[in-house]
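Undergrad: Okay, predicted coordinates and the sequence, questions at the end:
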Amino acid sequence: MDHPIQTDFLRWIVLLPLLGAAVNGLLGAILQKRVGKWMISLFACAPVLISFLLSLQAFLHLLALKPEERFLIDRVYSWLSLGTLQVDVTFWVDPLSAVMILVVTGVGGLIHIYSTGYMHEDKSYWRYFTFLNLFTFAMLLLVTADNLLLMFIGWEGVGFCSYALIGFWYHDHVNTRAGNKAFIVNRVGDFGFILGIFLIFWSLDQQGHGTVAFREIEKFASLMKGQELWGVGVVTLATLFLFVGATGKSAQIPLYVWLPDAMQGPTPVSALIHAATMVTAGVYMVARLHFLYSAAPDTLAVIAAVGITTALFSATIALTQTDIKRVLAYSTVSQLGYMFVAAGVAAYGAAVFHLMTHAFFKACLFLGSGSVIHAMGGEQDMRKMGGLRRSMPYTFWTFAIAVLAIAGTPLSAGFFSKDEILWQSFSSPHGSPMLWVLGVTGAGLTAFYMFRQFFLVFFGECRADSHTKAHIHESPKAMTLPLVLLAIGSIAAGWIGLPAIFGGSRFAEWLEPVFGAHHEAHASASLEGILMVISVAVAASGFCLAYLIYFKGRVAAERFSSLAGGLFYRLFNNKYYVDEIYQFVFVGGTLLLARIGAWIDRYIIDFIVDGSAKTTAFISWFNGLFDNHVVDWLVNKIADSTFEAGDKFRKIQTGNINSYLYVILGAVVLAVIIKLRYWS
């Protein structure tokens with residue numbers, strides 16, 4: 001990989017969706033009015049599908065090379081040259097980014113096609129596809145960038161597009177609040193990401209090798225190991241800062257709260273965010289910088305702990321949700337937790353493998369839920385559904401396959417990828433039996449809440465009103481065809497990553513040039529088989545429980561909701577009251593700070609300003625009345641003193657954004673303390 005192969009077509013993988021966004025953004029309203037929506041669909045879908053073909057070409061090009069030579073690069077131009085910092089706009093494709101671009105353009109392309117049917121009646125059809133293409137461009141930029149700064153542009157791009165698409169139906173205030181929430185929460189995480197970039201560049205610059213390019217960072221990473229800042233190793237600190245950004249983008253504790261509310265956007269947007277683009281960015285970033293994370297075992301421990309906690313935490317919330325999309329949202333948060341568990345035990349290949357398989361079955365689930373919502377006239381409450389398998393056979397069977405996959409049913413894609421994570425959590429030097437136990441517990445919960453959803457939606461008697469029942473129908477082919485292809489992927493995608501017990505993983509071999517040789521497990525193949533059987537049995541128990549409660553009705557759901565006096569049910573159903581806590585502490589604290597600032601501005605600042613004006617006017621009148629030179633001297637003295645004081649106060653305006661943020665943070669903390677002490 002020291003001598004990458006130069007190409008000139010990688011840029012088009014990234015730029016074609018941007019071209020589609022530009023055409024629809026500038027001309028879409030006119031085209032929609034004068035030509036028709038088919039032209040909008042063409043300019044939206046064609047660039048993404050061509051990007052997929054080019055991505056496939058890049059993949060085949062890499063496949064034809066020797067493993068150690070699988071590295072394509074496309075340098076476009078020199079972007080920044082500031083002192084020792086040299087940054088180029090350069091795109092690269094190696095085995096890792098090849099997986100990502102195929103997922104983004106392949107699954108993303110199917111979501112574009114599906115959207116042509118789902119959004120066909122929307123008046124802002126052109127605006128929707130403008131942002132959908134821009135979203136795809138930003139994600140492709142993120143995964144093909146050869147340096148941290150260019151990655152950060154894509155990182156921020158997907159954040160902006162998520163804000164625009166979540167609040168797409170902005171006439172409803174609930175939707176705009178959800179978009180704002182996603183934008184603000186991700187800004188918190190992105191602040192950590194920026195600090196991580198700065199710290200890496202500063203550390204290497206101290207050694208005379210200041211850079212933000214991934215290949216250069218990996219080459220000189222050993223120089224960072226001996227450095228410390230605030231008593232903490234620079235590598236540990238930098239990777240923790242970057243992981244803060246990952247918790248925002250990939251919705252991990254404590255910054256996961258935006259993702260469930262992202263359901264307010266159109267359903268295809270939910271599929272794109274949750275399956276193929278934004279939420280996978282954090283996992284990809286950790287995998288891309290694996291050489292730094294492997295050198296920071298404390299950070300790996302934090303990642304594994306956050307991942308397994310998030311997986312279980314969100315899985316318990318999903319048990320009680322009644323909104324068909326919200327169940328899938330918390331499921332996504334949980335599955336991302338599993339990916340970070342794999343990354344936390346340094347099994348980066350397993351994390352990327354689950355990322356890839358999850359893209360298929362989660363996109364299928366979201367698009368399937370969109371098909372149901374489309375047929376139900378916008379209804380999302382599962383308690384008002386039921387019996388839809390007869391009216392929607394394509395949606396039913398594809399949804400069933402995706403549910404089997406996410407539940408880890410043997411021979412499905414989810415089975416192979418999740419089992420690999422569980423095995424690595426047990427056998428890796430960074431793993432532990434307890435981590436495996438918690439992971440298997442989460443697998444059982446996943447099987448239960450997914451089959452609960454499946455039975456509530458497709459079986460039993462339809463609980464909708466008579467008007468809705470009369471209009472239930474299967475979705476058009478533009479929506480069902482992507483469902484069929486994604487359902488096929490939900491089975492077939494797992495077979496390229498067979499566990500070692502079945503002869504080894506081609507997927508692991510494919511990623512070996514990036515992550516190195518697969519580590520030797522500290523357990524036998526027979527033990528792996530035993531653990532696999534146990535995990536399948538636990539998942540099967542989750543299915544059986546859901547079957548008895550929601551299909552057969554032999555066990556009343558109320559028996560479980562009344563456990564411990566209904567405490568667990570209230571906690572799960574109210575999402576552990578995390579939103580309320582955040583509202584009180586952060587939103588309430590910010591509003592309190594604003595009120596304090598407004599009071600100071602009104603009663604102190606205005607008093608000083610108005611008082612100064614009135615005093616000056618009085619002195620001027622007095623001076624004119626007596627023509628007294630003493631008064632002139634006094635006025636000049638006051639003016640000189642004022643200018644001198646202003647000059648001193650001016651120096652606190654350093655222009656350092658971090659300093660301002662620390663002052664704001666301190667003020668917010670002080671305001672919260674005052675509120676809790678005096679106004680709670």
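TA: Perfect, I can see it now. Residues are numbered from 1 along each chain as shown.
Undergrad: And the strands in this structure?
TA: Assigned by DSSP state E, the chain shows strands spanning 5-6, 72-82, 85-93, 228-229, 232-233.
Undergrad: which parts of stretch 239-255 are buried?
TA: In terms of neighbour count (16 or more other C-beta atoms under 10 Å), stretch 239-255 has its buried residues at 239-253, 255. Heads up, the C-betas are built off the backbone N, CA and C, glycines and all.
Undergrad: Could you do stretch 224-238 as well?
TA: By 16+ other C-beta under 10 Å, the buried positions in stretch 224-238 come out as 224, 227, 233-238.
Undergrad: which residues make contact with it from outside it?
TA: With C-beta atoms under 8 Å, 6 or more residues apart in numbering as the test, stretch 224-238 has contacts from 196, 199-200, 203-204, 206-207, 221, 292, 295-296, 298-299.
Undergrad: By pLDDT, give me the weakest of the residues you listed.
TA: Looking at pLDDT alone, the contacts of stretch 224-238 dip lowest at residue 207, where the score is 83.
Undergrad: That one: how many residues sit nearby?
TA: Using other C-beta atoms under 10 Å, residue 207 has 13 neighbouring residues.
Undergrad: repeat for the one 4 residues further on
TA: Look at residue 211: counted by other C-beta under 10 Å, it has 20 neighbours.
Undergrad: who touches it in this structure?
TA: Counting by C-beta under 8 Å, 6+ apart, residue 211 makes contact with 85-86, 147, 201, 204, 217, 220.
Undergrad: what's the answer for residue 85, then?
TA: 201, 210-212.
Undergrad: most surrounded residue in those residues?
TA: Using other C-beta under 10 Å as the neighbour criterion, residue 212 leads the contacts of residue 85 with 23 neighbours.
Undergrad: For the residue positioned nearest the centre of the chain, which non-adjacent residue is spatially closest?
TA: The residue lying closest to the centre of the chain (C-alpha atoms, centre = their mean) is residue 279, at 2.4 Å. Closest residue to residue 279 apart from its sequence neighbours, by C-beta to C-beta, 6 or more residues apart in numbering: residue 250 at 5.2 Å.
Undergrad: sorry, back to before: out of the contacts of residue 211, which is nearest to residue 8?
TA: Using C-beta to C-beta, residue 147 comes nearest to residue 8 of the contacts of residue 211, at 18.9 Å.
Undergrad: Distance-wise, check the closest one relative to residue 210.
TA: Distance of residue 147 to residue 210, given as C-beta to C-beta, to the nearest Å: 12 Å.
Undergrad: do residue 363 as well
TA: Applying C-beta to C-beta, the value for residue 363 to residue 210 is 40 Å.
Undergrad: if I pick the residue nearest to residue 279, what's in contact with it?
TA: Contacts of residue 250 (C-beta under 8 Å, 6+ apart): 279-283, 336, 339-340.
Undergrad: ok, the residue nearest to residue 375 when sequence neighbours are not counted - contacts?
TA: Closest residue to residue 375 apart from its sequence neighbours, by C-beta to C-beta, 6+ apart: residue 472 at 5.0 Å. Applying C-beta under 8 Å, 6+ apart to residue 472 gives the contacts 375-376, 388, 391-392, 462, 464.
Undergrad: quick revisit: does the residue nearest to the centre of the chain touch residue 332 like I think?
TA: Yes: Residue 279 is within contact range of residue 332, at 6.4 Å (criterion: C-beta atoms under 8 Å).
Undergrad: What distance do you get for the closest residue to residue 209 other than its chain neighbours to residue 198?
TA: With sequence-adjacent residues excluded and distances taken as C-beta to C-beta, 6+ apart, residue 209 is closest to residue 220, at 4.6 Å. When distance is defined by C-beta to C-beta, residue 220 is 16 Å away from residue 198.
Undergrad: Likewise for residue 612?
TA: Counting by C-beta to C-beta - residue 612 and residue 198 are separated by 42 Å.
Undergrad: Which one's more surrounded, these two?
TA: Neighbours were counted for residue 612 and for residue 198 using other C-beta under 10 Å; residue 198 has more, 15 against 12.
Undergrad: Could I get the buried residue list for stretch 23-33?
TA: Under the neighbour-count criterion of 16+ other C-beta under 10 Å, stretch 23-33 has 23-25, 27-29, 31-32 buried.
Undergrad: let me fix that: stretch 81-90
TA: In stretch 81-90, counting by 16+ other C-beta under 10 Å, buried: 86-90.
Undergrad: remind me which residues of this protein are low pLDDT?
TA: Low-confidence segments of the chain (pLDDT under 70): 1-2, 499-504, 517-525, 564-565, 613, 616-635, 638-640, 642-662, 672, 675-680.
Undergrad: switch the cut-off to 50
TA: 520-522 (pLDDT under 50).
Undergrad: In it, spot the helix with the most residues.
TA: Determined from DSSP state H, the single longest helix within the chain is helix 173-206.
Undergrad: Nearest to residue 101 among the contacts of stretch 224-238?
TA: Out of the contacts of stretch 224-238, the member with the shortest distance to residue 101 (by C-beta to C-beta) is residue 292, at 22.8 Å.
Undergrad: give the contact list for the closest one.
TA: 200, 217, 221, 224, 235, 238-239.
Undergrad: separation between the residue nearest to residue 375 and residue 402?
TA: Counting by C-beta to C-beta - residue 472 and residue 402 are separated by 20 Å.
Undergrad: Same check on residue 536?
TA: Distance from residue 536 to residue 402, by C-beta to C-beta: 18 Å.
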